[in-house]
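Visitor: I'll drop the sequence and a predicted model, then ask my questions.
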Amino acid sequence: MDKSYVWHPYTQMSDWNRWDNRVIVRGQGFYLVDTSGKKYLDGTASMWCNVWGHGRNEVVEAMREQLKSLQHSTLFGLANESSTRLAEKMVKLAKGMQKVFYTDNGSTAIEAAIKMALQYWLNKGRPEKKEFLSLDHGYHGDTVGAMSLGYIEKFFGAYKPLLAPKVHKLPSPKLYGSGFDSHSALAEQCIEQAENILRKNASRCAALVMESGAQIAGGAVIYPAGYQRQLSELCKKYDVLLILDEIATGFGRLGNMVEYVAQKSSPDIVCFGKALTGGYFPLAVTMATKSVFDAFLGDCSQNKQLYHGHTFTGHPVGCAAALANIELYKKRGLILQIRESGKYIAARLRECKTFDVAADVRHKGMLAGIELASGGKPVLSLRNGEKIGYFVMQESLKRGVHLRSLGNIMMVIPPLAMDMRNLRKLMDTHLEILRKVETSLP
Ligand SMILES: Cc1ncc(COP(=O)(O)O)c(C=O)c1O
């Protein structure tokens, strides 16, 4: 039935129809269980959002309780208890932020953020500030504004006529392939180039939009020390808003609950999603400082209000999930656990580095990227012509693990609370696959 009726994301469906597919019917701990009862370790954190694994816990219970009393009620003209309590919690968590705007996925959180930035300047009498800045290799989602910011020709070329704002690109601080031999020298060069671009264009730019702490879809590019802080300072200097995307990196992925605080940077707008609800409910937030929010106040006739909202904005079940999730982080000391798990991952990555094909290994917390290259060229397919992504996925599934690589980059991105026994299995699988890749090169 899946092959007859379902259209899968980012998937060549003629390939899909030839493949054996696994239909997941149940979650059990850190495993997903298919119709034949076979178990797969969730090695992608169900697209980078799962925190606690699968099955019943306090978050699920909180969602059930919320469903008993109020299933959904709109924020258009009404408030609801869970979204109010979550907003208060988020404002305490996200230093410097004052207001929470709710959406139902990461991409729409970004859309809300860029609409806020544009209208902020309009409301302030600066309508000429309507262009944006973003980083090379950045990714912010698949809706039109988000695609414009994180434009990747291969993925989004067909949709170019839809793309709206002019976006100036700043260099990404990816050391591998840059020609620099140290992170600090590269960061210095990136900041210098960023300042040149800002100097020329800032008077027309509304905001710089960038991932906070690391670029994940761009292949686990971890920012060098001081890089994000310096960009944040440049934004202040050149009067450009800073929008930080913590959708994939916030809530502990890099070992910090709120990454921009750890990076000593000061955004004007910040977005969270994915792990916000433990990965159990589609909910995201766009948070703004008082100064951004205040620019939207005025007499109704001035038309300064934010024209954005969705049917499910502030969904009480999602908000109840997020509240319980945040409690569970505290109760189980998850951030400390992540830091310990990160040390284990670092040790196993040292083994990965011994393979010639692992040309670069980048890591922080519960995120790592193993870039595959041979003879200085990315390994995109193997001797038998098989695509590397398909090979990694099939080899992992054979071993009872679900992995998904990004092109030639094998990604380590497990559920945040994964225990040591399962982390060992996950890293063993990466090593076994690396060994097989090395012997199957063209
Ligand atoms: C950094 C970042 N921003 C935004 C998004 C988009 O989120 P969503 O897939 O929930 O729309 C993603 C998704 O992977 C992401 O990694």
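Guide: Noted; the coordinates are in hand. Numbering: from 1, shown residues only.
Visitor: how deep is residue 6 tucked in, by neighbour count?
Guide: With neighbours defined by other C-beta atoms under 10 Å, the count for residue 6 comes to 12. Where C-beta positions appear, they are placed from N, C-alpha and C, glycine not excepted.
Visitor: hang on, residue 352 packs against residue 431?
Guide: Yes - applying C-beta atoms under 8 Å as the test, residue 352 and residue 431 come out as touching, 6.3 Å apart.
Visitor: and these two? Which one has more around it.
Guide: Taking other C-beta under 10 Å, residue 352 and residue 431 do not tie; residue 352 has more neighbours (20 against 17).
Visitor: what's whatever residue of the stretch 101-250 of the chain ends up closest to the ligand in contact with, if anything?
Guide: Using C-beta to the nearest ligand atom, the closest approach of the stretch 101-250 of the chain to the ligand is made by residue 106 at 2.2 Å. Taking C-beta atoms under 8 Å, 6 or more residues apart in numbering, we find residue 106 in contact with 140-141, 245, 247-248, 271, 273-274, 284.
Visitor: farthest-separated two in the residues you listed?
Guide: Greatest spatial distance in those: 140 and 274, 12.7 Å, computed using C-beta to C-beta.
Visitor: any residues in contact with both of these two?
Guide: Taking C-beta under 8 Å, 6+ apart as the criterion, residue 140 and residue 274 both touch 106, 247.
Visitor: what about residue 369, is that helix, strand or coil?
Guide: strand (DSSP: H, G, I helix; E, B strand; the rest coil).
Visitor: wait, I meant residue 360
Guide: Per three-state DSSP, residue 360 ends up strand.
Visitor: quick one: the helices in the stretch 101-250 of the chain, in order.
Guide: When secondary structure is read from DSSP state H, counting those that start in this stretch, the stretch 101-250 of the chain shows helices at 106-123, 144-149, 153-156, 183-201, 227-237.
Visitor: mean pLDDT added to those, as CSV?
Guide: Below are the helices of the stretch 101-250 of the chain laid out as CSV (pLDDT from 0 to 100):
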stretch, mean pLDDT
helix 106-123, 98
helix 144-149, 96
helix 153-156, 89
helix 183-201, 97
helix 227-237, 98
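Visitor: format the ones you listed as a markdown table; extra columns: distance to residue 264.
Guide: Listed next are the helices of the stretch 101-250 of the chain as a markdown table, based on distance: least, C-beta to C-beta, whole Å:
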| stretch | distance to residue 264 |
| --- | --- |
| helix 106-123 | 21 |
| helix 144-149 | 24 |
| helix 153-156 | 33 |
| helix 183-201 | 14 |
| helix 227-237 | 5 |
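Visitor: coming back round to it: narrow the contacts of residue 106 to those in strands?
Guide: Among the contacts of residue 106, DSSP state E puts 245, 271, 284 in strands.
Visitor: filter these by proximity to the ligand?
Guide: residue 245 (C-beta under 6 Å from any ligand atom).
Visitor: between the ones in strands among the contacts of residue 106, which is closest to residue 127?
Guide: Checking the ones in strands among the contacts of residue 106 against residue 127 by C-beta to C-beta gives residue 271 as the nearest, at 24.2 Å.
Visitor: quick check: the closest one touching residue 111?
Guide: No - between residue 271 and residue 111 there is no contact under C-beta under 8 Å: 9.9 Å.
Visitor: the two: which has the busier surroundings?
Guide: Set side by side, residue 271 and residue 111 show more neighbours around residue 271, with 31 against 22, by other C-beta under 10 Å.
Visitor: and the nearest residue to that one once chain neighbours are set aside, how far is that from residue 116?
Guide: Spatial nearest neighbour of residue 271, chain neighbours left out: residue 109 (4.0 Å); criterion: C-beta to C-beta, 6 or more residues apart in numbering. Computed as C-beta to C-beta, to the nearest Å, the residue 109 to residue 116 distance reads 11 Å.
Visitor: hey, what's in contact with both of the two?
Guide: residue 286.
Visitor: neighbour count: those two, which is higher?
Guide: Using other C-beta under 10 Å, the more surrounded residue of residue 109 and residue 116 is residue 109, with 30 against 25.
Visitor: domains in this structure, by residue range?
Guide: For the chain, automatic domain parsing gives the domain ranges 60-331, 335-412.
Visitor: tell me if the shortest one is near the ligand.
Guide: No - using C-beta under 6 Å from any ligand atom as the criterion, no contacts between domain 335-412 and the ligand are found, and the smallest distance is 10.6 Å.
Visitor: need the pLDDT of the nearest residue to residue 403 once chain neighbours are set aside.
Guide: Distances taken as C-beta to C-beta, 6+ apart put residue 396 closest to residue 403, at 3.8 Å, once the chain neighbours are dropped. pLDDT for residue 396: 98.
Visitor: give me the number of residues near residue 396?
Guide: Taking other C-beta under 10 Å as the criterion, the count of residues near residue 396 is 24.
Visitor: name the residues of the helix or strand harbouring it that are buried.
Guide: Using DSSP states H and E, residue 396 falls within helix 388-398. The neighbour-count check on helix 388-398 (16 or more other C-beta atoms under 10 Å) flags 388-389, 391-393, 395-397 as buried.
Visitor: please name every helix or strand in contact with that helix.
Guide: For helix 388-398, the packing partners by 3 or more C-beta pairs under 8 Å, 6 or more residues apart in numbering; DSSP states H and E come out as helix 420-438.
Visitor: I'd like the distance from the helix it packs on to the chain centre, please.
Guide: Offset of helix 420-438 from its chain centre (C-alpha atoms, centre = their mean, to the nearest Å): 23 Å.
Visitor: same question, stretch 70-87
Guide: For stretch 70-87 - counting by C-alpha atoms, centre = their mean - the centre lies 25 Å from the chain centre.
Visitor: quick one, phi psi at residue 77?
Guide: Main-chain dihedrals, residue 77, degrees, to the nearest 10: phi 90, psi -10.
Visitor: quick check: residue 338 is in a strand.
Guide: No - under the criterion used here (three-state DSSP), residue 338 is helix, not part of a strand.
Visitor: and the one helix or strand in the chain whose mean pLDDT sits lowest, what's buried?
Guide: When the helices and strands of the chain are scored by mean pLDDT, DSSP states H and E, helix 153-156 comes last with a mean of 89. Buried residues in helix 153-156, defined by neighbour count with 16+ other C-beta under 10 Å: residue 156.
Visitor: how about the residue nearest the centre of the chain: what's its closest non-neighbour residue?
Guide: Nearest to the mean C-alpha position of the chain, counting by C-alpha atoms, centre = their mean, stands residue 248 at 2.3 Å. The shortest distance from residue 248 to any residue other than its chain neighbours is 4.6 Å, reached at residue 216 (C-beta to C-beta, 6+ apart).
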